[in-house]
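Asker: Dropping the sequence and predicted coords here.
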Amino acid sequence: MNPAERARTAMGGGVPDCVPFIPQICPPHAVLALGMDYQSTMLEIVRNPALANDLVFECARQYGVDGVRTWIEPAPRDAVKVHGLWYGQDPETGERLGRIDFEGGGGVLPPEKPTIHTEEDIEAIPVTSADELLASGRLDSAKVVIDKAGDDYFVMSPPGDHTPQYITSLRGNQQAMLDLMDRPDFCHLTLEKGLQIAIENATALSRIGIDALYIGDTFGGVVGPRHFREFFVPYSTRFVNEMRARFAERCPLIYMHICGDSTQLFELMADTGVDCIEPLDPLGGVEVADAKRRVGQRVALMGGMHTAKLAHGTLDEVKADIGRCLSEGAPGGGYILACGDMLPTETSREKVEAMTEAAHSYIYE
């Protein structure tokens with residue numbers, strides 16, 4: 001099998017020739033791994049967002065992994081330093097936006113203060129059609145990655161949030177959590193708009209040949225099953241059904257990313273109809289074996305590696321953790337080795353190479 005076939009087989013629940021390895025490489029890790037100046041390159045990515053896709057692909061290529069994530073380019077922003085902190089700035093209006101994220105996944109963080117307040121504000125949020133998005137040039141660098149990947153890489157992309165993560169981007173993290181309790185109708189209207197946007201984005205990504213779509217939420221581990229059932233499941237289910245209806249002959253695979261402690265949510269995640277769930281974060285108390293036992297016959301699994309060990313542990317500790325993930329997740333197929341979230345920025349090359357070697361050496365009985 002080539003890497004794309006290997007990953008597609010595993011994410012589809014089948015048994016590939018060996019275990020695929022797809023770390024979630026984000027721009028901060030790629031910048032360090034490629035030996036570039038960290039701060040200046042991260043600032044350049046804000047000004048030139050296409051650079052993120054270029055660097056992440058090059059990093060994945062050097063590692064020899066099976067898959068790579070790519071992104072729809074956000075609008076270019078200026079970078080301005082205020083009281084020792086870097087912020088994104090609208091180049092046309094000069095408005096100061098959120099802080100630039102040097103510690104997480106990169107880019108400009110959404111502001112904590114709410115930017116919408118009423119139903120009229122939600123209605124005014126534009127929905128860019130797939131045709132308009134393709135004509136805008138914001139998918140050009142993603143298309144370059146897909147073309148360069150060929151059959152050597154399985155290419156995945158997030159089409160945008162349609163879960164409470166979308167509410168947090170418009171209302172701030174704290175206020176969004178309060179809104180789920182105090183303004184559920186307002187939240188549902190917001191999620192309807194997020195779903196419309198995500199479907200159009202996903203349609204455009206599908207047209208340029210993306211292999212898989214990544215939907216998810218970093219706040220999934222914060223809410224319990226009741227709120228997950230109300231604010232996550234219906235919208236993700238509709239997303240999955242709509243994409244499969246639009247692309248009946250060749251729909252990209254769809255996987256769901258829920259950070260943190262998702263142990264109470266496995267069955268609900270599978271109920272959405274996605275092909276795969278991840279990242280199975282051990283820092284959140286998630287066990288790959290538990291997920292395999294409970295939903296491994298319904299969905300594929302991806303993830304499970306201990307990110308703190310990848311960042312700060314010894315090579316022997318990482319190798320032991322690799323063995324744990326493979327022994328718990330790989331038997332019977334339907335498993336992709338990956339991190340319990342994004343690959344930590346400071347992860348050494350030798351640890352990544354150890355994961356690649358172990359995954360590709362795994363022999364199914």
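Answerer: Thanks, I have the structure now. Numbering: from 1, shown residues only.
Asker: could you say what helices and strands the least confident helix or strand in the chain by mean pLDDT packs with?
Answerer: Counting by mean pLDDT, DSSP states H and E, the weakest-scoring helix or strand in the chain turns out to be strand 96-99, with a mean of 91. In this structure, strand 96-99 makes packing contacts with strand 85-89, judged by 3 or more Cβ pairs under 8 Å, 6 or more residues apart in numbering; DSSP states H and E. Just so you know, the C-beta spots here come from the backbone N, C-alpha and C atoms, and that holds for glycine as well.
Asker: What's the mean pLDDT across the helix or strand Leu134 falls within?
Answerer: Assigned by DSSP states H and E, Leu134 belongs to helix 130-136. Averaging pLDDT along helix 130-136 gives 98.
Asker: Mind checking what secondary structure the nearest residue to Gly172 once chain neighbours are set aside has?
Answerer: Distances taken as Cβ to Cβ, 6 or more residues apart in numbering put Glu112 closest to Gly172, at 4.2 Å, once the chain neighbours are dropped. Going by DSSP: H, G, I helix; E, B strand; the rest coil, the secondary structure assigned to Glu112 is coil.
Asker: Touching, Glu112 and Ala176? I think so.
Answerer: No: under the criterion of Cβ atoms under 8 Å, Glu112 makes no contact with Ala176, lying 10.2 Å away.
Asker: More neighbours: the two, which one.
Answerer: Neighbours per residue (other Cβ atoms under 10 Å) separate Glu112 from Ala176, with Ala176 holding more: 21 against 13.
Asker: Let me know the pLDDT of the more buried one.
Answerer: If you check Ala176, the pLDDT there is 93.
Asker: try the one 4 residues further on
Answerer: According to the model's per-residue confidence, Leu180 sits at a pLDDT of 94.
Asker: Shouldn't Asp185 be within a helix?
Answerer: Yes: assignment of Asp185 by three-state DSSP places it within a helix.
Asker: before we move on, the earlier item: measure the residue nearest to Gly172 to Arg171 for me?
Answerer: The spacing between Glu112 and Arg171, counted by Cβ to Cβ, to the nearest Å, is 9 Å.
Asker: swap in Pro159?
Answerer: Where Arg171 is concerned, Pro159 sits at a distance of 21 Å (Cβ to Cβ).
Asker: Show me the shaky parts of the stretch 201-350 of the chain.
Answerer: When the per-residue scores of the stretch 201-350 of the chain are filtered using pLDDT under 70, the ranges that remain are 220.
Asker: go with 80
Answerer: Low-confidence segments of the stretch 201-350 of the chain, defined by pLDDT under 80, are located at 218-222.
Asker: My reading is that Leu301 lies in a strand. Confirm?
Answerer: Yes: inclusion of Leu301 in a strand is indicated when three-state DSSP is applied.
Asker: That one contacts Glu278, doesn't it?
Answerer: Yes: here Leu301 lies in contact with Glu278, judged by Cβ under 8 Å, at a distance of 6.9 Å.
Asker: Would you map the strands across this protein?
Answerer: Taking DSSP state E as the test, the strands found in the chain are 67-69, 78-82, 85-89, 96-99, 154-157, 212-217, 253-258, 276-278, 300-302, 335-336.
Asker: hmm, back to that, shared neighbours, Leu301 and Glu278?
Answerer: Counting by Cβ atoms under 8 Å, 6 or more residues apart in numbering, the shared contacts of Leu301 and Glu278 are Ile336.
Asker: before we move on, the earlier item: how far away is the residue nearest to Gly172 from Thr237?
Answerer: Distance, Glu112 to Thr237, by Cβ to Cβ: 30 Å.
Asker: Please apply the same query to Arg138.
Answerer: Taken as Cβ to Cβ, the spacing of Arg138 relative to Thr237 amounts to 27 Å.
Asker: More neighbours: which of those two?
Answerer: Each of Arg138 and Thr237 has its neighbours counted (other Cβ under 10 Å); Arg138 has more, 20 against 14.
Asker: Out of the strands of the chain, which one sits most buried?
Answerer: Across the strands of the chain, the average number of neighbours (mean count of other Cβ atoms under 10 Å) peaks for strand 335-336, which reaches a mean of 30.
Asker: my read: Ser169 touches Thr163, true?
Answerer: No: distance between Ser169 and Thr163: 10.8 Å, which falls outside the contact criterion (Cβ under 8 Å).
Asker: out of the two, which sits in the busier spot?
Answerer: Neighbour count, other Cβ under 10 Å: between Ser169 and Thr163, Thr163 has more, with 27 against 20.
Asker: Can you read off the backbone torsions of that one?
Answerer: For Thr163, the backbone dihedrals (degrees, to the nearest 10) come out as phi -120, psi -180.
Asker: so the closest residue to it other than its chain neighbours bridges to which residues?
Answerer: Excluding the flanking residues, the one nearest Thr163 by Cβ to Cβ, 6+ apart is Asp217, at 4.2 Å. According to DSSP bridges, the residues that bridge with Asp217 are Ile258.
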